[in-house]
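Undergrad: Build me a structure from this.
(one chain, ligands or ions: 1)
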Amino acid sequence: MSLDPRRRVAPVPRRLFGSFVEHLGRCVYTGLYEPGHPTADADGFRRDVLALVRELGVTTVRYPGGNFVSSYRWEDGVGPVDQRPARLDLAWHSLETNEFGLDDFMRWVGKADVDPIMAVNLGTRGTAEAVDLLEYANHRGGSHLADQRRDNGTTDPYGIKLWCLGNEMDGPWQVGQRSATEYGRLASQTAKAMRRFDPDLELVACGSSHLGMPTFGAWERDVLTEAYDDVDLISLHAYYQPVDDDLASFLASAEDMDRYIDAVTAIADSVGAIRRSTKKIMIAFDEWNVWYQSAAPSNPPSGEDWPVAPPLLEDHYSVADAVVVGGLLISLLRHSDRVTAACQAQLVNVIAPIMTEPGGPAWRQTIFHPFARTARHAQGAVLDVLRDGSTTSTDRFGEIDAVDAVSTWDDNTGEMTVFLVNRVVTTPAEVTVDVTGARLAGIIECVTVGGTDLHAKNTADGPDHAEPRPNGTARSADTGVHLTLPPASWTMLRLRATDVTT
Ligand code: AHR
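TA: Predicted structure coming up:
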């Protein structure tokens, strides 16, 4: 492959390394919030979880859902805790105690050093309640709801910039599902009302819940036909798992993500072209991950059973899953001219890189590692990688490049980082990275996840199977590097380069 710091796709959007906290299962309760836990701070936030969130390098966190938001009343979660009502959570058939709410989340956001992304309920509610929430969160004071926030202990407005207008409104499972035109009008009206308060908000319209939805394509077209001028981004959601034990196609899940992003970009641009608009709609890939959906939840709560924070969607990830997560991050980075926000779903316990035991330890899943390394080292600008190599055949995607890759270049540090996935299950890949437009000064680090123990999973007691291990094969020459990628593996190669020709 060939890299040149002059061939840039876009600056790395730091918001690509977002995550997601939903009131679902044990994400909040006994996840990031557990008063009485040995590491809990005065607010009840687990300090062990906060430390792992910082290590993971998460930049933004979407909240409070997900399906949960579509029947949520945000007012229930503010004010004195002992006066907050317990409510039925219709999305996950659980009891929501409302012990944790907006102000608690914003305190946690401050401690985790991340930016919030706030979702409003456009399922059971509408424009009025969305604007109320905006006033409570972002108005400085002197109005009923802003003063309520101040009375509840927060003087300064939160200044939340990025807002999701509902969640998966095309899904039959969504409380308050709508048709594309109905939702598009509601999103448009809500966006217009919110912009009367602050024209500079960034607003996300719901795209399809996934690429396989029967309404995919028409949904995006019809929603944007109603709301194009009023929103800035459209959301994409995708979850991956192996189908029929087809590991080769699973390792190539980034192909699906690439095609999905390219398709939505084309649809959005066609709506824009018809309107003769110069504006471009960006993409918020605000739910993505590996999720063994066919297996879970095996025994969801039902009937009279409305448990508080039951363990739901607690997938245990393998080394192969970590390789796929690394590959999905490559796809997101490659599209950073259009994908300007993304959220791995979710952060703690629920299909998550971080797991906790109530009263016990917090620990890293396998998928933690490629995320943490990419978030830390994908800095500066994304480069356009020219690939010329062998292909591999997959049942799901046909003939694809055997090795997928993306690269970033940081002007400030002279660091060039290449992220690679060998998607071939059985054979190693020999890779030559040629660098032009810069002089290579050496290899800083080369680490690999995978290649062996693909089915191994981490536990609270260790060992940490997907901890990146040094890849000793990388050899540097004047204009490039040669390295070997083990079969079914993710690799990060960090290079030092100087003298960029401009
Ligand atoms: O992340 C789990 C669920 O997946 C979310 O609540 C929903 O938006 C999606 O279907």
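Undergrad: most centrally placed residue in this structure?
TA: Cys343 (1.6 Å; C-alpha atoms, centre = their mean).
Undergrad: Got the phi and psi for that one?
TA: phi -140, psi 120 (degrees, to the nearest 10).
Undergrad: Surely it and Ile117 touch.
TA: Yes. Using C-beta atoms under 8 Å, Cys343 is in contact with Ile117, at 7.1 Å. For every residue, glycine as well, the C-beta is placed using N, CA and C.
Undergrad: How much space separates the residue nearest to the centre of the chain from Val204?
TA: Relative to Val204, Cys343 is positioned 11 Å away (C-beta to C-beta, to the nearest Å).
Undergrad: Mutual contacts of the two, please.
TA: 117, 284, 286 (C-beta atoms under 8 Å, 6 or more residues apart in numbering).
Undergrad: measure stretch 83-98 end to end?
TA: Distance across stretch 83-98, first residue to last, is 10 Å (C-alpha to C-alpha, to the nearest Å).
Undergrad: List of residues touching that stretch?
TA: Residues outside stretch 83-98 that contact it (C-beta under 8 Å, 6+ apart) are 23-25, 29, 65-68, 70-73, 76-78, 99, 101, 175, 300-302, 305-310, 312.
Undergrad: closest to the ligand among the shared contacts of Cys343 and Val204?
TA: Set against the ligand, the nearest of those by C-beta to the nearest ligand atom is Asp286 (8.9 Å).
Undergrad: I'd like the average pLDDT over the strand or helix carrying that closest one.
TA: Using DSSP states H and E, Asp286 falls within strand 282-290. Strand 282-290 carries an average pLDDT of 98.
Undergrad: ok, now stretch 150-161?
TA: For stretch 150-161, mean pLDDT is 98.
Undergrad: end-to-end on that stretch?
TA: End-to-end distance for stretch 150-161, by C-alpha to C-alpha: 19 Å.
Undergrad: that older thread, next, show the common contact partners of Cys343 and Ile117.
TA: Applying C-beta under 8 Å, 6+ apart, one finds that Cys343 and Ile117 are jointly contacted by 18, 60-62, 286.
Undergrad: Point out the ones among the residues you listed that are inside strands.
TA: Judged by DSSP state E, strands contain the following of the shared contacts of Cys343 and Ile117: 18, 60-62, 286.
Undergrad: Reformat those residues as TSV; add distance to Lys457 and neighbour count.
TA: Output for those, formatted as TSV (distance: C-beta to C-beta, whole Å; neighbours: other C-beta atoms under 10 Å):
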residue	distance to Lys457	neighbour count
Gly18	25	27
Thr60	28	22
Val61	25	23
Arg62	26	31
Asp286	27	29
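Undergrad: Select, from those, the two members most distant in space.
TA: By the measure C-beta to C-beta, Val61 and Asp286 form the most distant pair in these, at 10.7 Å.
Undergrad: Name the residues contacting each of these two.
TA: Residues touching both Val61 and Asp286 (C-beta under 8 Å, 6+ apart) are 18, 20, 117, 343.
Undergrad: Nearest to the ligand among these?
TA: Within these, the smallest distance to the ligand is 6.6 Å, found for Phe20 (C-beta to the nearest ligand atom).
Undergrad: How about the closest one: which residues does it bridge to?
TA: Per DSSP bridges, the residues bridged to Phe20 are Arg62, Ala345.
Undergrad: Hmm, Ala342 and it touching each other?
TA: No. Between Phe20 and Ala342 there is no contact under C-beta under 8 Å: 9.9 Å.
Undergrad: Residues that sit against both of the two, list them.
TA: Counting by C-beta under 8 Å, 6+ apart, the residues touching both Phe20 and Ala342 are Asp286.
Undergrad: burial measure for whatever residue of the stretch 301-450 of the chain ends up closest to the ligand, as a count.
TA: The stretch 301-450 of the chain approaches the ligand most closely through Ala345 (4.2 Å), counting by C-beta to the nearest ligand atom. By other C-beta atoms under 10 Å, the residues close to Ala345 number 26.
Undergrad: where along the stretch 201-350 of the chain do the strands fall?
TA: For the stretch 201-350 of the chain, the strands defined by DSSP state E, counting those that start in this stretch occupy 202-205, 233-240, 282-290, 339-345.
Undergrad: possible to save the ones you listed as JSON lines with distance to His316?
TA: JSON lines is the format used below for the strands of the stretch 201-350 of the chain (distance: least, C-beta to C-beta, whole Å):
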{"stretch": "strand 202-205", "distance to His316": "31"}
{"stretch": "strand 233-240", "distance to His316": "16"}
{"stretch": "strand 282-290", "distance to His316": "11"}
{"stretch": "strand 339-345", "distance to His316": "16"}
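Undergrad: These: which one's closest to Ala402?
TA: Nearest of the strands of the stretch 201-350 of the chain to Ala402, taken as C-beta to C-beta: strand 233-240 at 19.1 Å.
Undergrad: What is the burial count for Gly398?
TA: Using other C-beta under 10 Å, Gly398 has 10 neighbouring residues.
Undergrad: oh sorry, the question was meant for Thr408
TA: Residue neighbour count, defined by other C-beta under 10 Å, stands at 26 for Thr408.
Undergrad: hang on, it is in a strand, isn't it?
TA: Yes. Using DSSP: H, G, I helix; E, B strand; the rest coil, the assignment for Thr408 is a strand.
Undergrad: show me what contacts Gly380?
TA: Taking C-beta under 8 Å, 6+ apart, we find Gly380 in contact with 11-12, 408-413, 415.
Undergrad: confidence score at the residue of the chain found nearest the ligand?
TA: The nearest approach of the chain to the ligand comes at Gly66, 3.0 Å away (C-beta to the nearest ligand atom). Predicted confidence (pLDDT) at Gly66: the value is 97.
Undergrad: tell me which element the nearest residue to it once chain neighbours are set aside falls in.
TA: Among residues not flanking Gly66 along the chain, Glu22 sits closest, at 3.5 Å (C-beta to C-beta, 6 or more residues apart in numbering). Taking DSSP H and E as the definition, one finds Glu22 inside no helix or strand.
Undergrad: Neighbours of Glu22, how many?
TA: Counted by other C-beta under 10 Å, the residues lying close to Glu22 total 25.
Undergrad: filter the contacts of stretch 83-98 to the buried ones?
TA: Buried members of the contacts of stretch 83-98, counted by 16 or more other C-beta atoms under 10 Å: 23-25, 29, 65-68, 70-73, 76-78, 99, 101, 175, 301, 306, 309-310, 312.
Undergrad: partners of Val435 in the sheet?
TA: Leu3.
Undergrad: Let me see the confidence value for the nearest residue to Ile330 once chain neighbours are set aside.
TA: If the residues on either side of it in the chain are set aside, Ile330 comes closest to Val406, at 4.6 Å by C-beta to C-beta, 6+ apart. pLDDT for Val406: 98.
Undergrad: give me the beta-bridge partners of Val406?
TA: In this structure, Val406 bridges to Phe419 when assessed by DSSP bridges.
Undergrad: That one contacts Met416, doesn't it?
TA: No. Val406 is not in contact with Met416 according to C-beta under 8 Å; the separation is 11.6 Å.
Undergrad: Alright, that wraps it up for me.
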